[in-house]
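Enquirer: everything below, folded, please.
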Amino acid sequence: MKRTEAKRKAADGKRQILAWIEEDRDRIIRFLADFMRIATPNPPGDTRAARQFAAKFLDEQGLDYRVVDPEP
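Expert: Have a look, this model is predicted:
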């Protein structure tokens, strides 16, 4: 692939990502604002409420994820 073709594809990809962000702008802002309100005090580093919030959001979107427990 020529360098100019690679640059064009990268620019197209960037435009597509920015379009997706703009389409979901309000939902993204609402998610981040709500997420920032969740208490995650450190110490002790209790992030269970934040994990539950993120998991609920991902479940609602039908997205797969995996939870990694820091203390297996």
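
Enquirer: ok, residues contacting stretch 54-68?
Expert: 31, 35, 51 (CB atoms under 8 Å, 6 or more residues apart in numbering). For glycine as for every other residue, the C-beta is placed from the backbone atoms N, C-alpha and C.

Enquirer: stretch 14-23 now?
Expert: Ile28.

Enquirer: now could you export just the CA positions of it as CSV?
Expert: Taking C-alpha atoms only, stretch 14-23 is exported to CSV below (Å, rounded to 0.1, in the frame of the first residue of the first chain):
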residue,chain,number,x,y,z
LYS,A,14,-10.6,9.1,12.1
ARG,A,15,-13.6,10.8,10.4
GLN,A,16,-15.7,7.7,11.1
ILE,A,17,-14.7,7.5,14.7
LEU,A,18,-15.4,11.2,15.2
ALA,A,19,-18.8,10.8,13.5
TRP,A,20,-19.7,7.9,15.9
ILE,A,21,-18.6,10.0,18.9
GLU,A,22,-20.8,12.9,17.7
GLU,A,23,-23.8,10.6,17.2
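
Enquirer: please identify the buried residues of that stretch?
Expert: Neighbour counts over stretch 14-23 (16 or more other CB atoms under 10 Å) mark no residue as buried.

Enquirer: gap between that stretch and the chain center?
Expert: For stretch 14-23, the gap between its own C-alpha mean and the chain's C-alpha mean amounts to 14 Å (CA atoms, centre = their mean, to the nearest Å).

Enquirer: what mean pLDDT would you report for that stretch?
Expert: The average pLDDT within stretch 14-23 is 96.

Enquirer: please apply the same query to stretch 28-47.
Expert: 92.
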